[in-house]
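A.B. asks: got a structure for you, letters missing:
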């Protein structure tokens, strides 16, 4: 599903990624761990096509995204990659259902199509009874579940998560951990997680450690 070869990235003369190679199979759940500043989030941003590498080749689901035009790349990112962050970034004025529908509407789905997808995914994450609630009416764990449903609404090839449980209490963390593997089991989802959470990392198919811009 993901093939990255020789990925490098520098900022202001400081080389953050030093020729990273990464190969992830379809439906695999992989965690990336390491100390702050090791390059984990920089790599995740490149895998998500939010940032371009200085050198190297990235292929996702058979496509080399950085060879696309800007418009094609934007379309690819919106339909092939789902993002979950530490803070859920839900739109406060919209309900859970409307937040989940939003990426589908942006990608061109009709309202009824987007609503049907969103309802199914809210049921998948156990929130079908909270669909009409706004983020201020949801707990932190519920908000993160909505964010995961939103990330999945366009059936992405890859789900990328950056510290997805870093802002949650211990009990809620365990619920979200289990949810990622339920999503993999039910949907065959490929998932890449950047985390400092040793428990979550230990649950994954593989846990890769970054140090000074390389896997060790």
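C.D. replies: Okay, I see it. Just so you know, these numbers come straight off a predicted model, no measurement behind them.

A.B. asks: which strands and helices sit next to the one helix or strand in the chain whose mean pLDDT sits lowest?
C.D. replies: The weakest-scoring helix or strand in the chain, judged by mean pLDDT, DSSP states H and E, is helix 170-187 (a mean of 81). Judged by 3 or more Cβ pairs under 8 Å, 6 or more residues apart in numbering; DSSP states H and E, helix 170-187 is in contact with strand 29-33, helix 111-124, helix 140-152, strand 190-194, helix 198-203. Backbone N, C-alpha and C define where each C-beta goes, glycine included.

A.B. asks: buried set for stretch 98-118?
C.D. replies: Buried positions in stretch 98-118, judged by neighbour count with 16 or more other Cβ atoms under 10 Å: 98-105, 109, 114-115, 117-118.

A.B. asks: show me what contacts the residue nearest to the spatial centre of the chain?
C.D. replies: The centroid of the chain falls nearest to residue 160 when counting by Cα atoms, centre = their mean (2.2 Å). By Cβ atoms under 8 Å, 6 or more residues apart in numbering, residue 160 lies in contact with 44, 47, 48, 81, 82, 83, 84, 191, 192.

A.B. asks: Surely the third one and residue 78 touch.
C.D. replies: Put plainly, it is residue 48. No. The pair residue 48 / residue 78 is not scored as a contact, 11.2 Å apart, by Cβ atoms under 8 Å.

A.B. asks: In terms of neighbours, single out the busier of the two.
C.D. replies: Set side by side, residue 48 and residue 78 show more neighbours around residue 48, with 19 against 16, by other Cβ atoms under 10 Å.

A.B. asks: contacting residues for the more buried one?
C.D. replies: 77, 81, 83, 160.
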